[in-house]
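**Student:** Pasting the sequence and the predicted model now:
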Amino acid sequence: MDPITQQTALASAGGKKGPLYVDDVFSTFLYKGNSSNNTTGNDQPIDNGIDLSGEGGMVWTKERGNVRSNHLYSSNFTDINTQLSTDNGAAAASSGFVGMKSFNNNGFTLGPSASTNYDGSDYASWTFRKAPGFVDVVTFSGSNSNQQIPHTLGSVPGFILVKKTNGSEGWYAYHKDAGWENGNVGGAWLIGFLNDSGKFDNYGGIKGSTFHTDQYFTVDALGTGNNFVAYIFAHDDAVFGTDEDESIIKCGSYTGNGGSSSSTNDINLGFEPQWILIKSSSNNNQDWLIADTMRGSFEPGSSYDNMRYLRPNKDQAEGSTKGVEPTSTGFKVRGAFGNSNGSGQTYIYMAIRRPNKPPEAATEVFAMDTGSTSAATPTFDSGFPVDLAFLGNNEFSTRLTDSEYLYSYNANAPWTNSNITFDSNVGWGAWTNFSSVQSYMLKRAPGFMDVVAYAGTVTSNSDSQTVPHNLGVTPELMFIRRRGTTSFNVYNQYVTNPLTTVLLFNEAGGSASTNSAWGAANSPTAPNANYFTVGYATGTGFISAGNFVAYLFATLPGISKVGSYTGNTGNAINVDCGFTNGARFIMIKRTDSAGDWYYWDTLNGIVSGNDSYNRFNLTPYRHTGTDYVDPLSTGFTVTSSAPAALNYTGGTYLFLAIA
C-alpha cells in the first residue's frame, strides 16, 4: 500500500492513532455460557480489548461441545442482534432471543440466548475489528449487472465472503489462490461456498483477482432487490507493528502430501499464526476447518498432540485429529487428514499472526496464584492467556506442548496428563486439587519471554541448526529441554565464555564446558533477535533426540531484568533492575562455582526480614527462617547474611527478576 492510499484508508476507518498490532484488531476468546433462560437469563460481557463500538467489525461464535450453528454478528446491521449462520444459507434475522446485546469499546456483550450463552457450555469467539490491511465489512444492494463495491482495506483483498441477507442463499467465497477455470468461453474464477464441503468451481457470484483492487471488489449480476453483506480480508499488507512494517494476515495455498503422522508439510508465512482457516479447493466432501492456538496445542511429540478444529460449514461439535501445528514462521500440516492434507489436493488458507504487542506493565505478562479446588478451568488465575506455567513443585508446562509437563530438578522424560489445559484467556487448568499449590504464569511478549517448540535436525558434530524465535531481541537467558530423558541445558550471556558454557537446571554445579550445545563443534554461534543456534548435543539439537522446547528470556525495561552481579561476603548488594516498585520474582544462580537455583516471590514474601525460598534443582521444599534477599524499589537486595551460593567475594551470579 503506498503512503497516500494508506493514509486515506486509515482516515476513512477512524483516523490514524499510532501503530496498530494484531492484538488491537483480532481476538480468540473462549468463554463459558452463564444463562439458563433464553429470555430472562444473564447477559455476559466479553472483555477482549477490541474496540468494536468505535471502529466496527464482526464477532463469530461457536459452541464447542454441542451441535449448534456458527453465529456471526457484524456492526453493519442496524440491529446488532442480527444473526447469520455460516453453516447454512438462511437469511439474516434478528433472533427472538438475544444472542448479541452490544458491541463495546473493549469487546462485546452477549445476551441470554442459548445460541451464544447457554449455561455451562463452552464457546469459542473470534473478533475481527475493521482496519486497513486486515478486514472490512460492507453492505450493498444487488444489480442486474456487474458491480464494483468500494472497500477500505487499502490493498487488494485475498479472501472475500459474500452473503445474501434478505433471503436464503449460500455464502460465496473468493480466494486469491483458488484458480481459474477455462471450461467456459472466456473462463471464470473458481468460487466456493463457506456453508458446504464442495470444491471450488465455476459458480460465479464474485469475480476473479483481476477484478479486485485496493479500492473495490467486483461481483456478478446478483439481481435487483437483493441485499448483501461482504467480509473482505486483506493479504500480506505490511502496515502493522511498532515500525508499521508487519503484515498480520496472509492468504495462500499448498498441496497436500497425505503423509504419515510423523511427516510434515511445512508452510512458511513469515510469522507465527494464532488462527488458521483451511479448505480443500480441489476436492468435494472436504470440510472447512478453523484451528486456533487458544483451544489447544498441535505440536508433535506427546500423546495429546491432536488438533482441535471447528467447521464453519457444519453445526457439529469440536473435532480432534492430527493435523495443523503452528511454528515460529508458519504452520505444518501432517498425517493424511483429508480436510487438511490429502495427497495431491490443493488447499487454500487464511492465517492471522499471533499476538505481539509490547506489554506496558509486568502484570500483563507475569502473575502468581494459589490454585482452587474447582475442577473447572482455570485452576490458576492470571488475567491473561498463559503460555508458560510452572508450579511450586517445579513442574513446567507450556501452551505449545499442551498436556505435557517437565520437572526442573531431574532429567526424566516428560509426563502427560489430559486434564492440563491452556484453553482459557485468563489462566490455565491443572489435573487435581491445587488449593495449596502456587503457580507462576507467564505470557509470551516481545522483549520479555518466548517459547519455541522444535524438532532437532543436527546430524554431526560439524553440523548446526538455526531455530527461529519471536522474542524480537537477542535472548540473554535460554532454557532448552529435550522432550525426553535429558536435563534443561541453560545458556546465559553473563559468563566468561557463554558459547562454550552450559548450566544444567537440575544441578547445583557451576558453568561447565560444552563442545556443541550452541552450534557446530568448536564454532558455536551467538543467538540474535531472530534465531538461536544449537548443535550435536542430546539436550539441544541432536536429530535422534527428537523434539525440544525452549524458554527464552531478555531484559524488557521496567518489566524484566536478566543480569549478573559480583558477590561481596558479609556485605549487602543492591541489584538495580530499573524497576519502580521492586521485584515480584527473583531467581539467582552462582555460575563460577557450585550453587543452587534459588527463587523467591512476593506471594510468599520478599520483605525486610525472613523470606521463604524454593530451589529449582532440588525436590521442591519451601524453606523458611532465612533472610537472604530484601526488597529494593529498583530491584532487590542480596543481604549480608546470604551464603556463598548467593554472596561470596568475587563470585559471579546470574539472576532473572520480574517486576
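**Tutor:** That came through, no problem.
**Student:** all contacts plus neighbour counts: C-alpha atoms, from now on.
**Tutor:** OK.
**Student:** Between the two ends of stretch 465-475, how far is it?
**Tutor:** 16 Å (Cα to Cα, to the nearest Å).
**Student:** actually stretch 537-547, not the one I typed
**Tutor:** 13 Å.
**Student:** Can you list the buried residues in it?
**Tutor:** 537-543, 545-547 (16 or more other Cα atoms under 10 Å).
**Student:** For those residues, name the two members farthest from one another.
**Tutor:** Pairwise distances across the buried residues of stretch 537-547 (Cα to Cα) peak at 12.5 Å, for the pair A537 and N547.
**Student:** Show me the domain layout of this protein.
**Tutor:** 21-129, 135-233, 250-353, 362-442, 449-553, 560-658 (automatic domain parsing).
**Student:** of those domains, which approaches T242 most closely?
**Tutor:** domain 21-129 (7.7 Å).
**Student:** Show me the shaky parts of the stretch 51-200 of the chain.
**Tutor:** 182-187 (pLDDT under 70).
**Student:** what about the helices in it?
**Tutor:** Applying DSSP state H, counting those that start in this stretch to the stretch 51-200 of the chain gives helices spanning 52-55, 114-117.
**Student:** again, but for the chain
**Tutor:** Under the criterion DSSP state H, helices of the chain are mapped to 3-12, 22-25, 52-55, 114-117, 338-341.
**Student:** Surely T213 touches V156?
**Tutor:** Yes: with contacts counted by Cα atoms under 8 Å, T213 reaches V156, the gap being 4.8 Å.
**Student:** out of those two, which sits in the busier spot?
**Tutor:** V156 (25 against 17; other Cα atoms under 10 Å).
**Student:** ok, the more buried one - contacts?
**Tutor:** 212-215, 234-235 (Cα atoms under 8 Å, 6 or more residues apart in numbering).
**Student:** Quick check: the gap between it and S280.
**Tutor:** 23 Å.
**Student:** same deal with S75?
**Tutor:** S75 is 30 Å from S280, by Cα to Cα.
**Student:** Compare neighbour counts for the two and give me the winner.
**Tutor:** S280 (31 against 23).
**Student:** May I have the beta-bridge partners of that one?
**Tutor:** Assessed by DSSP bridges, S280 has beta-bridge partners Y347.
**Student:** how far away is it from K207?
**Tutor:** For S280, the distance to K207 - Cα to Cα - is 20 Å.
**Student:** Kindly report the same for N425.
**Tutor:** 39 Å.
**Student:** any weak-confidence spans in the stretch 251-400 of the chain?
**Tutor:** Those would be 260-263, 297-306, if you go by pLDDT under 70 across the stretch 251-400 of the chain.
**Student:** who touches T242 in this structure?
**Tutor:** So T242 contacts 19-21 (Cα under 8 Å, 6+ apart).
**Student:** can you do 6 Å?
**Tutor:** P19 (Cα atoms under 6 Å, 6 or more residues apart in numbering).
**Student:** do M307 as well
**Tutor:** Per Cα under 6 Å, 6+ apart, neighbours of M307: 298, 320-323.
**Student:** can you list the residues you listed in TSV and add distance to S435 and neighbour count?
**Tutor:** Output for the contacts of M307, formatted as TSV (distance: Cα to Cα, whole Å; neighbours: other Cα atoms under 10 Å):
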residue	distance to S435	neighbour count
F298	29	29
S320	31	12
T321	33	13
K322	34	22
G323	36	26
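**Student:** and the gap between the closest residue to F390 other than its chain neighbours and T500?
**Tutor:** Leaving aside its chain neighbours, F390 sits nearest to F396 (4.3 Å; criterion: Cα to Cα, 6 or more residues apart in numbering). Separation of F396 from T500 (Cα to Cα): 26 Å.
**Student:** okay, these two: which has more neighbours?
**Tutor:** Remark: of F396 and T500, T500 carries more neighbours, 22 against 18, as counted by other Cα under 10 Å.
**Student:** Against V458, how distant is the more buried one?
**Tutor:** In terms of Cα to Cα, T500 sits 17 Å off from V458.
**Student:** do the same with N515
**Tutor:** Applying Cα to Cα to N515 and V458 gives a distance of 14 Å.
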